[in-house]
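Student: the following block contains a protein sequence and its predicted model.
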Amino acid sequence: MSDPVRYPEDLQIIDCSLGTNPLGAPKCLKSLILSPDFCNLCDYPDPEPYDLKNEISCAHQAWKLSTDQILIGGGSMGILVTLARLLISKGTFLSGISPQFTDAVVQCLCNGAAYHPVQLEAPDYRISIEPLLEIMKENQCVIYLDRPNNPTGQVTALKDVEKLAAAGMENSSWIISDEAYGDYLSDEESTIMLNYPNLITCRSFSKGLGAAGLRIGYAVSNDSMLSALFRKAQPPFVLGTADALMGISVVREREFLDKTRSYVQLAKTAVMNVLKEKDGFSVADTDIRVPILLLSQKSGNLAVRLASVGISCEAGSGFFSLDDTSVRLRVPSPDKLETFLDRIRTL
């Protein structure tokens, strides 16, 4: 059992735990909420928010999407829950790269999956798809790939995902590319650029777009049969009227995303530089553009150690194949960055 995490009473806690936007929410949401004629909340929402889907398509011209390819859900987690119901049954061979986003794997396990992940090796936890390709030679399977990886912040190369999708076409295997943190990368790097019917890409409004409270996610599918089944399997009216309208404003707020990307790179560079100065810490391979990283020490509960200086994080024990010697950190908000760096230096 993990040691209890306690924070000093005289220190303001710096939140580096959940993967929300370190800059907060875009300002456009506040003005919408305060508008007296914001929306009609008496009627049921549209079964599919066409205006939001059209806005997503227009905002990402490089993807060349039709609105029929876009499947809207209650956060990317809601998308993953429905995909698990459709693609996973008792005994389905599920693989991925571990550590990875735990909740997606749990949903697949609840639907009967047999989970056989590729275990990354400490301390670098460097991702290679070659073991996954070997698995696919022997097994018809579902591959769950969080890209960027959660918790390390690594980004599997687009050409490597294409190899997985092509291999999957040989034996009817599915590839789920979870791009919850995808807005920190360019559109041209998204797996949505790959036109494979067995590849489904999931996206979220909760990370780079700064709207976790709206619970909007979407998937992009190139398989019309899967899309039709998804629409039938998903609960009706999954996205509220207010959420859909606010989502449109969020998609249009391009300046906020650009500002977020710039800050994350600056902050993560500063965090990495300070961590490199500290003996006894190791940082897994990571992409400087992604706001999360995996930090480890040789022994002891690292979450408790960070809590002692008022820093909250996601304990490694929350991920398959990790323990409490590791944590996932998200870069702090701009007003807390210097204080965060000073506290790390004291450890």
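Tutor: Arrived safely, thanks for sending.
Student: please parse this structure into its domains.
Tutor: Segmentation of the chain into domains, based on automatic domain parsing, reads 14-25+255-346, 44-253.
Student: can I get these in CSV including distance to residue 5, mean pLDDT and mean neighbour count?
Tutor: Placement of C-beta: from N, CA and C, glycine included. Shown next, in CSV, are those (distance: least, Cβ to Cβ, whole Å; pLDDT from 0 to 100; neighbours: other Cβ atoms under 10 Å):
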stretch, distance to residue 5, mean pLDDT, mean neighbour count
domain 14-25+255-346, 5, 96, 18
domain 44-253, 17, 96, 19
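Student: out of these, which gets nearest to residue 37?
Tutor: Closest approach to residue 37 among the domains of the chain is made by domain 44-253 (11.2 Å; Cβ to Cβ).
Student: for the stretch 151-300 of the chain, what spans make up the helices?
Tutor: Using DSSP state H, counting those that start in this stretch, the helices of the stretch 151-300 of the chain run over 158-171, 224-233, 241-252, 254-277.
Student: packing partners of the shortest one?
Tutor: The contact analysis (3 or more Cβ pairs under 8 Å, 6 or more residues apart in numbering; DSSP states H and E) places helix 224-233 against strand 70-74, helix 75-87, strand 216-221.
Student: returning to that earlier point: how about the domains of the chain in CSV, adding distance to residue 4?
Tutor: Formatted as CSV, the domains of the chain follow (distance: least, Cβ to Cβ, whole Å):
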stretch, distance to residue 4
domain 14-25+255-346, 8
domain 44-253, 21
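Student: out of the ones you listed, which comes closest to residue 35?
Tutor: For residue 35, the closest of the domains of the chain is domain 44-253, at 9.9 Å, according to Cβ to Cβ.
Student: what about that closest one, how long is it end to end?
Tutor: Criterion Cα to Cα, to the nearest Å; first-to-last residue distance in domain 44-253 is 27 Å.
Student: returning to what we had before: want to try a markdown table for the helices and strands packed on helix 224-233, with distance to residue 292 as columns?
Tutor: Below are those laid out as a markdown table (distance: least, Cβ to Cβ, whole Å):
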| stretch | distance to residue 292 |
| --- | --- |
| strand 70-74 | 22 |
| helix 75-87 | 15 |
| strand 216-221 | 18 |
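Student: between the ones you listed, which gets nearest to residue 281?
Tutor: For residue 281, the closest of the helices and strands packed on helix 224-233 is helix 75-87, at 30.4 Å, according to Cβ to Cβ.
Student: quick one: that closest one to helix 224-233, angle?
Tutor: 110 degrees (axes from the mean of the first three to the mean of the last three Cα atoms, to 10 degrees).
Student: all good on my end, thank you.
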